[in-house]
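J.: any chance you could fold what I've pasted below:
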Amino acid sequence: MNIMKNILWIICIALGTACSNNSSETNSPSSNTHSLEQLPALPKERIIDLYNRVDDIDIQFEQGFSTSAKGEGTKTNIQYILAEQANRVPCTATAFLFIKSQGEEIAQIEAYIGEGCSYFVIYENGKPAYANGMHPQGVQFFNNFLNNVQAVPPQ
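T.: Below is the predicted model of the structure:
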């Protein structure tokens, strides 16, 4: 059932999102190269709170495009955050997520996916504060999305 939700989510994003190829319009506080100090995990209660409150998400990919989604489907992205501390290793940021509830930004989360790494860095006050592992379905979601976008010819 989760696989079907993920497939539906990818199709919804592909059909109903706005993608842009303007890499100069990034609002993420990350320089993509912050230090690798070990950070505590965002507590499970806070992950549950994000899950319960999220209704809008904007994702800016490091490759220079972005997408957004609204509604219940946005909760899937929160489910990808594991309630365990991430083992941060050298890795390039893949995307920056702006999590919103009723128009108010409630979290900024950077996704790291690469060879031997898959984790989220959660920001507070513009600085890395927590690092949580990423569920394998989250890795699959981001990789599938990137592969689908790269397969679409430019218009």
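
J.: switch to C-alpha atoms for all contacts and neighbour counts from now on
T.: Will do.

J.: nearest residue to the residue most central in space within the chain in space, please, no chain neighbours.
T.: Ranked by distance to the mean C-alpha position of the chain (C-alpha atoms, centre = their mean), the top residue is Leu97 at 4.4 Å. Once flanking residues are discounted, Leu97 sits nearest to Ile59: 4.5 Å by C-alpha to C-alpha, 6 or more residues apart in numbering.

J.: list the contacts for His135?
T.: Taking C-alpha atoms under 8 Å, 6 or more residues apart in numbering as the contact definition, His135 lies against 79-82.

J.: among the residues you listed, name the ones in strands.
T.: Among the contacts of His135, DSSP state E puts 81-82 in strands.

J.: the residue nearest to Leu97 contacts Lys70, correct?
T.: No - using C-alpha atoms under 8 Å as the test, Ile59 is too far from Lys70 to be in contact (11.6 Å).

J.: picking that back up, so what are the sheet partners of the helix or strand hosting the residue nearest to Leu97 and their directions?
T.: Taking DSSP states H and E as the criterion, Ile59 maps to strand 56-61. Sheet pairing for strand 56-61, assigned by DSSP bridges, gives strand 66-70 (antiparallel), strand 93-101 (antiparallel).

J.: comparing those strands, which yields the minimum mean pLDDT?
T.: Lowest mean pLDDT within these: strand 66-70, at a mean of 92.

J.: other SSEs contacting whichever helix or strand Gly133 is part of?
T.: In the assignment (DSSP H and E), Gly133 maps to strand 127-134. Helices and strands touching strand 127-134, by 3 or more C-alpha pairs under 8 Å, 6 or more residues apart in numbering; DSSP states H and E, are strand 81-85, strand 117-124.

J.: which one of the ones you listed lies closest to Val54?
T.: The closest of the helices and strands packed on strand 127-134 to Val54 is strand 81-85. By C-alpha to C-alpha, the value is 13.5 Å.

J.: so can I have a markdown table of the strands paired with strand 56-61 showing distance to Tyr51?
T.: Formatted as a markdown table, those follow (distance: least, C-alpha to C-alpha, whole Å):
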| stretch | distance to Tyr51 |
| --- | --- |
| strand 66-70 | 13 |
| strand 93-101 | 10 |
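
J.: need the distance between the two termini of stretch 71-78.
T.: 13 Å (C-alpha to C-alpha, to the nearest Å).
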